[in-house]
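>>> predicted model and sequence below, questions to follow.
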Amino acid sequence: MEIILIQDVINLGQKDDIIKVKDGYAQNYLIPKGLAITANPSAKKILAENVRQRAHKEAKIREEAQALAAKMEGIQLTIGAKTSTTGKIFGSVNTIQIAEALSAKGFDIDRKSIYLSDDAIKETGNYKVKVKLHREVFVQVDLEVIAE
């Protein structure tokens, strides 16, 4: 039986894939759970139209992310932290603080899109932080941690 996946199914396929599975697997598990629909000609037409429209929207979102990446290129963030006399930070600098610093510069970035190059920033100094703006668009931001 040929089906169209509505959601990602582990070890089977990704959303919007058209695949062949055994009749019982489709009728007893995938379709009742809402993971797939039968791939009749009208469903295939609808899928093709949805994929075409989504590709157009996705291209627009990617272009906006690339424009934002161009604005963010070369930005320098400075975060103050309480430190000991040796330069060690009490605690660490985390993605929430970096997101707040970016927000202060006018960039509203979700903290889950910020990736630290090190496991945790626990000393003063200069660091590189990777910001994911889109699935395919990343930008590198310079971060300076200073003692307060």
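Okay, I see it.

>>> going forward, measure contacts between C-alpha atoms and count neighbours the same way
OK.

>>> what about the residue at the greatest distance from the centre of the chain, distance to residue 4?
For the chain, the residue at maximal distance from the C-alpha centroid (CA atoms, centre = their mean) is residue 85, at 38.0 Å. Distance of residue 85 to residue 4, given as CA to CA, to the nearest Å: 62 Å.

>>> and for residue 16?
For residue 16, the distance to residue 4 - CA to CA - is 6 Å.

>>> pick out whichever of the two has more residues nearby.
Using other CA atoms under 10 Å as the criterion, residue 16 and residue 4 rank with residue 4 on top: 24 against 18.

>>> for that one, give me its contacts.
By CA atoms under 8 Å, 6 or more residues apart in numbering, residue 4 lies in contact with 15-19, 36-39.

>>> neighbour-wise, which of those leads?
residue 36 (24 neighbours).

>>> that one contacts residue 2, correct?
No - between residue 36 and residue 2 there is no contact under CA atoms under 8 Å: 10.0 Å.

>>> now do the buried residues in the longest strand seen in the chain.
Longest strand in the chain by number of residues, with DSSP state E as the criterion: strand 138-147. With burial defined by 16 or more other CA atoms under 10 Å, the residues of strand 138-147 counted as buried are 138-141, 143, 145-147.

>>> what of stretch 120-131?
121-124, 129, 131.

>>> and if you look at stretch 70-89?
Neighbour-count burial for stretch 70-89 [16+ other CA under 10 Å]: 72, 77, 79, 81, 83, 88-89.
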